[in-house]
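K.L.:
coords please:
(one chain, ligands or ions: 1)
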Amino acid sequence: MPAGKMQGPEDYFAVLALLTVISAFVAMGIGPRRYGGRLFFSTVLIGPLSVAVALILKGIEDYRPTPPPLPEPKPPRLLAAGRRRMVCPRCGAETDIPDVDTSFDCWRCDEHRVVKPKSAAK
Ligand SMILES: [Zn+2]
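P.N.:
Numbering: from 1, shown residues only. Coordinates of the predicted model:
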């Protein structure tokens, strides 16, 4: 609406409300994503200042040091010929046993398990 047509306080309120809504969306768009909702609603309290707050938050976010990259995952342990790998159902430790064995004792928790020989299992 043109400024010359402004009549009463309702018009000023309408302009203020529009400005607040626009500022809320601008602040939400500029600021870091995880602050989006809070920036949007804080505009009701601090008005267009929230755009400045969003810019400051974005600046802080951009200069935060990036965490070091995760170490490369270890390649799986090789299995010797004539052996098979059993996983203990109690503690999850891996135990390599000869193919012909019908039982094994977990090296970690001493769980005793009876297993089928490999030839019978397949
Ligand atoms: Zn175990």
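K.L.:
low-confidence ranges in the protein?
P.N.:
For the chain, applying pLDDT under 70 flags the ranges 1-6, 119-122.
K.L.:
interface residues of it facing the ion?
P.N.:
88, 90-91, 93, 106, 108-109, 111 (Cβ under 5 Å from the ion). From N, CA and C alone the C-beta is placed, and that goes for glycine too.
K.L.:
Filter those down to just the ones in helices.
P.N.:
Secondary structure assignment by DSSP state H places none of these in helices.
K.L.:
Which of these fall in strands?
P.N.:
Nothing among these maps onto strands, per DSSP state E.
K.L.:
so which of these comes closest to residue 39?
P.N.:
For those, the closest approach to residue 39 (Cβ to Cβ) belongs to residue 91, at 48.1 Å.
K.L.:
now the residues of the chain next to the ion as CSV including neighbour count?
P.N.:
CSV is the format used below for these (neighbours: other Cβ atoms under 10 Å):
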residue, neighbour count
88, 18
90, 12
91, 12
93, 13
106, 19
108, 13
109, 11
111, 15
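K.L.:
What strand or helix carries the closest residue to residue 41 other than its chain neighbours?
P.N.:
Spatial nearest neighbour of residue 41, chain neighbours left out: residue 24 (7.6 Å); criterion: Cβ to Cβ, 6 or more residues apart in numbering. Assessed by DSSP states H and E, residue 24 sits inside helix 9-30.
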